[in-house]
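S.K.: here's my sequence, what's the structure:
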Amino acid sequence: MANRINLNGTSYHGAGAIAEIANEAKARAYKKAFVCSDPDLIKFNVTSKVTDILEKNGLEYELYSDIKPNPTIQNVQNGVAAFKKSGADYIVAIGGGSSMDTAKAIGIIIANPEFEDVRSLEGTAPTKNPCVPIMAVPTTAGTAAEVTINYVITDVEKKRKFVCVDPHDMPIIAVVDPEMMSSMPKGLTASTGMDALTHAIEGYTTKAAWEMTDMFHLKAIELISKSLRGAVDNTKEGREGMALGQYIAGMGFSNVGLGIAHSMAHTLGAVYDTPHGVACAMMLPIVMEYNQDCTGEKYREIARAMGVKDVDSMTQEEYRKAAIDAVRKLSVDVGIPTRLEAIKEEDLQFLAESAHADACAPGNPKDASVEDLKALFRKIM
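M.R.: Below you'll find the model as predicted:
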């Protein structure tokens with residue numbers, strides 16, 4: 001079996017990298033940008049850092065901001081209609097996963113109109129055409145949507161999120177500029193950072209993991225563990241480390257999948273509107289405990305990457321516990337709660353069934369039944 005790797009054609013990294021957006025647009029002779037960005041980023045003048053560059057370079061654009069934190073089918077359909085009216089020929093997605101996921105879905109449907117119902121994009125839809133060209137500018141250090149072939153949409157009517165996996169949605173250009181992340185509040189920095197750590201650890205332990213993705217994931221775990229506390233305190237070094245770490249995690253997990261921590265987080269987001277990173281952070285150590293007997297020696301390398309000393313002298317039981325403890329400590333240190341009071345006993349069956357049906361579940365190193373998932377959800381009640 002061949003192992004496939006999909007990455008951006010071009011990516012820019014480092015402070016001031018957003019200046020390259022104008023250069024790329026001109027080099028490709030693009031005429032008008034459809035700028036996808038959420039209302040808060042517009043309100044707090046984050047989006048304008050990019051649109052100012054477009055204006056200074058005489059590049060036309062139209063702004064689209066009907067985007068919710070957990071983007072919905074309606075957000076996408078409204079965006080498709082707005083794109084058609086705009087006369088744009090490329091998309092600039094500015095924001096976290098919400099803006100980028102919305103942009104991907106819009107771009108895919110414009111190029112493949114037979115999927116305009118949105119729901120039919122779930123899983124690995126047989127799209128024929130690459131999406132409208134996307135330049136992705138992350139403002140959070142977490143989702144890595146700028147380098148993944150995944151996006152997640154919320155079906156409000158059915159109270160569920162669905163994952164779409166499609167190489168045709170890959171942004172042609174990623175612009176990872178830590179200065180675009182400096183205005184993130186502490187809570188968002190913490191939750192998106194823990195989402196990135198979850199990507200790295202689940203990607204490293206998923207059934208499809210192999211040498212190249214292991215290399216990405218271990219480096220990502222190291223960078224995130226070393227940088228997240230500093231990023232929460234808004235240090236330059238912390239922001240730079242997280243910007244790179246979350247991107248490297250995306251290079252890996254996009255190509256090998258995730259596991260049930262993400263399946264369960266998607267469900268919590270759909271039912272209770274729990275922020276995705278918070279849900280991931282709560283589930284990650286619990287899922288690691290569940291998976292540990294199916295991970296070989298990998299937890300030793302996770303512990304090592306997280307800075308745990310003397311792992312080579314530990315027993316398997318000790319280094320597995322050390323890895324889980326290191327994850328739990330980082331999560332608590334950056335202020336993530338360990339309990340979700342919204343969960344009710346009567347919701348558990350629906351939650352577990354939804355998580356079991358999620359596209360991320362098959363990649364988990366240890367198979368989980370609906371009953372197993374109910375027991376895991378119960379641990380954060």
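S.K.: what about the helices in this protein?
M.R.: Ranges of helices in the chain, per DSSP state H, are 20-27, 39-43, 48-56, 73-86, 97-111, 186-205, 211-232, 236-256, 260-272, 276-291, 298-305, 316-333, 348-357, 370-378.
S.K.: just want the most central residue of this protein.
M.R.: The residue lying closest to the centre of the chain (Cα atoms, centre = their mean) is residue 143, at 2.2 Å.
S.K.: how about it, what does it touch?
M.R.: 96, 97, 100, 192, 195, 196, 246, 250, 276 (Cβ atoms under 8 Å, 6 or more residues apart in numbering). (Glycine included, C-beta is placed from N, CA and C.)
S.K.: which one of those residues is nearest residue 148?
M.R.: Within those, the smallest distance to residue 148 is 5.0 Å, found for residue 250 (Cβ to Cβ).
S.K.: my guess is that closest one meets residue 149, correct?
M.R.: No. Using Cβ atoms under 8 Å, residue 250 and residue 149 do not qualify as a contacting pair, with a distance of 9.8 Å.
S.K.: show me what contacts the residue in the chain sticking out farthest from the centre?
M.R.: Relative to the centre of the chain, and counting by Cα atoms, centre = their mean, the farthest-placed residue is residue 313 at 34.8 Å. Under the criterion of Cβ under 8 Å, 6+ apart, residue 313 has no neighbours.
S.K.: how far away is the nearest residue to residue 107 once chain neighbours are set aside from residue 95?
M.R.: Excluding the flanking residues, the one nearest residue 107 by Cβ to Cβ, 6 or more residues apart in numbering is residue 131, at 3.3 Å. Here residue 131 is placed at a distance of 17 Å from residue 95 (Cβ to Cβ, to the nearest Å).
S.K.: so those two - more neighbours on which side?
M.R.: Legend: neighbour count by other Cβ atoms under 10 Å for residue 131 and residue 95, higher for residue 95 (28 against 23).
S.K.: so that one touches residue 65, yeah?
M.R.: No. The pair residue 95 / residue 65 is not scored as a contact, 9.6 Å apart, by Cβ under 8 Å.
S.K.: give me the common contacts of the two.
M.R.: Taking Cβ under 8 Å, 6+ apart as the contact definition, residue 95 and residue 65 share the neighbouring residues 36, 37, 38.
S.K.: among those residues, who's most crowded?
M.R.: Each of those was scored for neighbours by other Cβ under 10 Å, and residue 36 scores highest at 32 neighbours.
S.K.: doesn't residue 64 make contact with that one?
M.R.: Yes. Here residue 36 lies in contact with residue 64, judged by Cβ under 8 Å, at a distance of 5.2 Å.
S.K.: run a quick neighbour tally on residue 188.
M.R.: Residues lying near residue 188 (other Cβ under 10 Å) number 21.
S.K.: burial count for the nearest residue to it once chain neighbours are set aside?
M.R.: Using Cβ to Cβ, 6+ apart and skipping residues adjacent in sequence, the residue nearest residue 188 is residue 140, 6.5 Å away. Here the count is done by other Cβ under 10 Å, and residue 140 has 28 residues near it.
S.K.: could you do residue 307 as well?
M.R.: For residue 307, the neighbour count with other Cβ under 10 Å is 12.
S.K.: next one: it from residue 113, what distance?
M.R.: To residue 113, residue 307 is 50 Å away according to Cβ to Cβ.
S.K.: about what we covered before: any common contacting residues for residue 36 and residue 64?
M.R.: residue 79.
S.K.: so who does residue 111 touch?
M.R.: So, once contact is read as Cβ under 8 Å, 6+ apart, residue 111 ends up touching 127, 129, 130, 131, 132, 168.
S.K.: what sits against the nearest residue to the first one once chain neighbours are set aside?
M.R.: The shortest distance from residue 127 to any residue other than its chain neighbours is 4.5 Å, reached at residue 112 (Cβ to Cβ, 6+ apart). Each residue near residue 112 by Cβ under 8 Å, 6+ apart is listed here: 127, 128, 129, 131, 168.
S.K.: again, but for residue 49
M.R.: 18, 179, 180.
S.K.: make JSON lines from these and add neighbour count to it.
M.R.: As requested, these are arranged in JSON lines below (neighbours: other Cβ atoms under 10 Å):
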{"residue": "18", "neighbour count": "21"}
{"residue": "179", "neighbour count": "16"}
{"residue": "180", "neighbour count": "26"}
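S.K.: export those to TSV and append columns for pLDDT and distance to residue 77.
M.R.: Formatted as TSV, the entries for the contacts of residue 49 read as follows, by pLDDT from 0 to 100; distance: Cβ to Cβ, whole Å:
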residue	pLDDT	distance to residue 77
18	98	29
179	95	33
180	96	28
